[in-house]
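Visitor: predicted structure and sequence below. I'll ask about it afterward.
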Amino acid sequence: MTESALQLLVLVRFLCFVAVIYLGLHIVFSRLISRSDSKILWFFSIITLPLTRPMRAWFVPGATESRLRFVALVFYVVLWVLILMAAKIVESTLH
């Protein structure tokens, strides 16, 4: 049971890590590129849309996209750290 829980935590930890990387890159590139028709910004907006969609429910309808991306980044960083700590606890119970 604990070994399968550890494997699940490693998978979710990896997904959170990828979410943090993509959201961070989206924030950086959106500050560097000002063209609205940029293919790079389009790519990151498609990739990060499922990550920022849950954050929209917490905000008023007029919230800016950059604010949503930042809050999503903070959320996934905190989740990633919590999963790291949970994985350490589960791993220590295996030994």
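Guide: Structure received.
Visitor: and residue 71, how many neighbours does it have?
Guide: 17 (other C-beta atoms under 10 Å). No exception for glycine: its C-beta is placed from N, CA and C like everyone else's.
Visitor: so which residues make contact with stretch 2-15?
Guide: 80, 83, 84, 86, 87, 90, 91, 93, 94 (C-beta atoms under 8 Å, 6 or more residues apart in numbering).
Visitor: can we see that at 6 Å?
Guide: 83, 86, 87, 90, 93, 94 (C-beta atoms under 6 Å, 6 or more residues apart in numbering).
Visitor: and stretch 78-91, by the same measure?
Guide: By C-beta under 6 Å, 6+ apart, the list of residues contacting stretch 78-91 reads 2, 5, 6, 9, 12, 13, 16.
Visitor: try 7 Å this time
Guide: Applying C-beta atoms under 7 Å, 6 or more residues apart in numbering, the contact partners of stretch 78-91 are 2, 5, 6, 9, 10, 12, 13, 16, 17, 20.
Visitor: let me see the mean pLDDT of it.
Guide: For stretch 78-91, mean pLDDT rounds to 91.
Visitor: can I get the contacts of stretch 78-91 in CSV with distance to residue 37, secondary structure and neighbour count?
Guide: CSV is the format used below for these (distance: C-beta to C-beta, whole Å; DSSP: H, G, I helix; E, B strand; the rest coil; neighbours: other C-beta atoms under 10 Å):
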residue, distance to residue 37, secondary structure, neighbour count
2, 51, helix, 11
5, 46, helix, 14
6, 45, helix, 18
9, 41, helix, 18
10, 39, helix, 14
12, 35, helix, 15
13, 36, helix, 18
16, 31, helix, 20
17, 30, helix, 15
20, 27, helix, 19
